[in-house]
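Participant: could you work out the structure for the sequence below:
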Amino acid sequence: MKQIFIGFLFSFSSIMLMAQLPPIQVKDGQFIRNGKPYYFVGANLWYGMNLASIKMGGDRARLLRELDSLQALGINNLRIMAASEGPDTEPYRIRPALQPRPGELEEDLLQGLDFLLVEMSKREMYAVLCLNNFFQWSGGMSQYVSWATGEPIPYPDVNGKDWDDFQHYSARFFANKKAQRLFRQFLFQIINRQNSLSGMPYKDDPVIMSWQLANEPRGLST
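Facilitator: The predicted structure follows:
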């Protein structure tokens with residue numbers, strides 16, 4: 001009973017800590033924080049989720065040092081890649097992937113993202129979470145196309161393929177209904193996740209300033 005009570009206190013205190021961070025709102029085309037214009041200096045800490053993992057590739061001590069250094073430089077807004085898809089055997093990939101198979105998410109990495117968001121809250125930093133990628137380094141759109149069609153991904157510089165081959169393949173994501181459905185399934189899972197440390201649903205977390213649907217999407221003719 002004592003352990004349950006202590007755990008409840010930790011979760012409740014974490015929720016209170018994060019709730020104190022005012023949300024970023026938009027009014028008349030202006031970001032607003034506490035009723036005043038919000039301006040930010042941002043950085044692309046795309047690897048933050050993986051670095052926060054307690055498993056392969058993780059190093060929380062390094063993550064905390066980097067967050068402290070960024071804060072000391074005046075950076076208060078971080079862009080995080082909160083999605084990676086496909087088997088870890090594929091080339092040019094973040095490893096491990098958050099979603100190795102459609103609909104299956106690796107809890108170790110999600111707990112890493114939970115940890116990162118809590119630590120950002122402590123430093124009054126806001127997050128932009130990126131949820132897909134046109135390019136191959138996180139799986140992204142090309143992996144969704146491969147899942148939907150069963151076709152191999154034509155990676156550039158592999159088996160005689162070039163960047164045009166890859167980009168036209170990845171752009172098929174925009175018109176493939178099954179690939180779109182798999183992506184929406186992932187969106188539902190991540191947006192509705194409840195932070196394992198703070199207890200706060202991602203969709204209600206003021207640390208998350210915005211959701212970015214994709215990194216560098218390109219509308220190539222398919």
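
Participant: what's near enough to touch the residue nearest the centre of the chain?
Facilitator: Closest to where the C-alpha atoms of the chain average out (CA atoms, centre = their mean) is Ala82, at 1.2 Å. Residues near Ala82 by CB atoms under 8 Å, 6 or more residues apart in numbering: Met49, Leu98, Leu113, Leu129, Cys130, Leu131, Ile190. To be clear about C-beta, it is placed using only N, CA and C from the backbone, and glycine gets the same treatment.

Participant: just these: which are in strands?
Facilitator: Residues of the contacts of Ala82 located in strands (DSSP state E): Leu129, Cys130.

Participant: turn the contacts of Ala82 into TSV, columns for distance to Leu21.
Facilitator: Formatted as TSV, those follow (distance: CB to CB, whole Å):
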residue	distance to Leu21
Met49	19
Leu98	25
Leu113	17
Leu129	15
Cys130	20
Leu131	21
Ile190	20
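
Participant: could you pull out the strands for the chain?
Facilitator: 25-27, 30-33, 36-37, 42-44, 77-81, 126-130, 208-212.

Participant: partners of the shortest one, with directions?
Facilitator: It stands for strand 36-37. According to DSSP bridges, strand 36-37 has the following sheet partners: strand 30-33 (antiparallel).

Participant: how about the strand it pairs with: buried residues?
Facilitator: For strand 30-33, the neighbour count (16 or more other CB atoms under 10 Å) marks Phe31, Arg33 as buried.

Participant: any stretches of this structure with poor pLDDT?
Facilitator: 1-19, 221-222 (pLDDT under 70).

Participant: try 80 this time
Facilitator: 1-20, 219-222 (pLDDT under 80).

Participant: now the strands of the chain as CSV including distance to Glu104?
Facilitator: Below are those laid out as CSV (distance: least, CB to CB, whole Å):
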stretch, distance to Glu104
strand 25-27, 34
strand 30-33, 36
strand 36-37, 42
strand 42-44, 27
strand 77-81, 18
strand 126-130, 19
strand 208-212, 21
